[in-house]
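# the following block contains a protein sequence and its predicted model.
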Amino acid sequence: MNKSLLDTVISRTPKRTSHAQVVDQLGKAIVSGEFPVGSILPGDPELALRFRVSRTVLREAMKTLAAKGMVVPRARIGTRVTPRKEWNLFDADILTWHFACGVDEDFLYHLSEVRLAFETHAAALAARNATDAEIATMMRLAVAMGDASHTAETLAVADLKFHLAVLEASGNPFLRTVGGLIEAALVGVFKLSSPTDEKGGIDEVARNHIRIVEEIGRRDELGARQAMEYVITYGRNRIQKAFNPDQSAKI
């Protein structure tokens, strides 16, 4: 099983296979701008020498990057880096590379906007569809977020588990697939700041998440939607504050 984005950021575990290493290093080089959008990548001999792999491994790596929308091969021209708008930003590797190369406020802000679009609706659907067992699981996860012994890393993991549980409880299989985006947003907050850095921060986070479950348990779709919106907005404001400590948040 592939390590999650959050696991990768926390542990900094390197890729194992030659194919994965080439994809990882080339992907980072493209995201960082070493190979800018519109540029032609070096030829196979140069790249094979750079990464010390066979041309077969290199070709497979190029196929992987092409599937992610990052490059396109052109006959008699070479492999061109595609415009960023063509990249699959739902892809966990691409998100990981952005964080490895450094993300800005706008990137994280856009992530939070996607969360507001998806997760608030997921919470409303959970209020409609969740089983009693799923509600009990979500409450257990929300309460666990209040453990005073949490580090920034363990709290981020607990937070992710909760939000993935809400997606699961929505009953919508399409919503379950946006877990990578949620993970990326939580990684962004985790790397910038954490409620564990503030007195009472852990308790506040737990209360906010417990409120989501309470609204779901009441089968109050609007209440669940609003409770989730509050939690996401809270995280977005933390991002804003981290980038602009002397300015008020956008929301």
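Alright, I've got the coordinates. Numbering: from 1, shown residues only.
# could you list the buried residues of the helix or strand residue 224 falls within?
Secondary structure from DSSP states H and E places residue 224 in helix 221-243. Neighbour-count burial for helix 221-243 flags 221, 223-229, 231-236, 238-240 (criterion: 16 or more other CB atoms under 10 Å). Where you see a C-beta, it was placed from the backbone N, CA and C, and this is true even at glycine.
# neighbours around the closest residue in space to residue 61 that isn't next to it in sequence, how many?
Distances taken as CB to CB, 6 or more residues apart in numbering put residue 22 closest to residue 61, at 4.0 Å, once the chain neighbours are dropped. Other residues near residue 22 come to 24 when the count uses other CB atoms under 10 Å.
# quick check: residue 22 vs residue 56, distance?
Counting by CB to CB, to the nearest Å, the gap from residue 22 to residue 56 is 11 Å.
# compute the inter-axis angle for the top helix by length along the chain and helix 221-243.
Ranked by number of residues, the top helix in the chain under DSSP state H is helix 105-129. If you take axes from the mean of the first three to the mean of the last three CA atoms, to 10 degrees, helix 105-129 sits at 160 degrees to helix 221-243.
# from the contact counts, what lies against helix 105-129?
If contacts are counted by 3 or more CB pairs under 8 Å, 6 or more residues apart in numbering; DSSP states H and E, helix 105-129 sits against helix 152-169, helix 173-176, helix 179-192, helix 201-217, helix 221-243.
# so what's the residue nearest to residue 61 up against?
Applying CB atoms under 8 Å, 6 or more residues apart in numbering to residue 22 gives the contacts 51, 53, 57, 58, 61.
# which helix or which strand is home to the fourth one?
Following DSSP H and E, the helix or strand that holds residue 58 is helix 55-67.
# look up how far residue 123 lies from the nearest residue to residue 185 once chain neighbours are set aside.
Excluding the flanking residues, the one nearest residue 185 by CB to CB, 6+ apart is residue 111, at 4.3 Å. Using CB to CB, we find residue 111 at a distance of 18 Å from residue 123.
# show me where the stretch 1-150 of the chain has its strands.
For the stretch 1-150 of the chain, applying DSSP state E, counting those that start in this stretch gives strands covering 71-74, 78-81.
# could you identify which of those strands is most buried?
The highest average neighbour count among these, using mean count of other CB atoms under 10 Å, belongs to strand 78-81 at a mean of 18.
# ok so, going back, buried set for the helix holding residue 58?
57, 58, 61, 62, 64, 65.
# need phi/psi at the residue of the chain positioned farthest from its centre.
Using CA atoms, centre = their mean, the residue of the chain lying farthest from its centre is residue 76. It sits 37.2 Å away. Main-chain dihedrals, residue 76, degrees, to the nearest 10: phi 60, psi 10.
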